[in-house]
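> no sequence on hand, only this structure:
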């Protein structure tokens, strides 16, 4: 963070690693950075997978009661019983990826690159790296390694703190 006391800042803890949960932190981070905020993202537990070089993000419909997909001019909710069937995750993932492409929404890879270009600071949780046995070379270039204290240091000085 810069020494300018008038500069607004935001920190985001990223804890989820599915396709649908990947969008909010990257959209908020890149938007805030474009608005001149100093942004730091802390990737921990399953959110850490969003920093991997090779992404294979999925949408899990199980337990996601709010999930409605546009179909035939309306919206269809996915009943939990159907979500539990084999292949449901692949089906909903393909549906979401097709909708993202059709609507011209940026990919997570593109949003990550935008975040890096906008000088969004990214911290990969060292404990999670160790826990899940990830190596630094598994991750994209740019993020630094740090622990909870790294985020707390940023959060105590941030105007906005988000947990996603």
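Yep, that arrived. Since the model is a prediction, treat every value here as computed from it, not as a measurement.
> so the residue nearest to the spatial centre of the chain is in which element?
In the chain, the centroid-proximal residue (CA atoms, centre = their mean) is residue 22; its distance is 3.0 Å. Element membership for residue 22 (DSSP states H and E) is helix 19-34.
> state the distance from residue 154 to residue 107.
Per CB to CB, to the nearest Å, residue 154 is found 27 Å from residue 107. (C-beta placed from N, C-alpha, C; glycine too.)
> of the two, which one has the most company?
Neighbours per residue (other CB atoms under 10 Å) separate residue 154 from residue 107, with residue 154 holding more: 23 against 16.
> wait, the more buried one sits on residue 11?
Yes. Shown here, residue 154 and residue 11 form a contact pair, counting by CB atoms under 8 Å, at 4.9 Å.
> any common contacting residues for those two?
40, 42 (CB atoms under 8 Å, 6 or more residues apart in numbering).
> show me where this protein has strands.
Assigned by DSSP state E, the strands in the chain fall at 9-14, 38-43, 68-71, 74-77, 121-125, 144-146, 160-163.
> deepest in the core, which of those is it.
strand 38-43 (a mean of 26; mean count of other CB atoms under 10 Å).
> show me what it is packed against.
Applying 3 or more CB pairs under 8 Å, 6 or more residues apart in numbering; DSSP states H and E, one finds that strand 38-43 makes contact with strand 9-14, helix 19-34, strand 121-125, helix 148-155.
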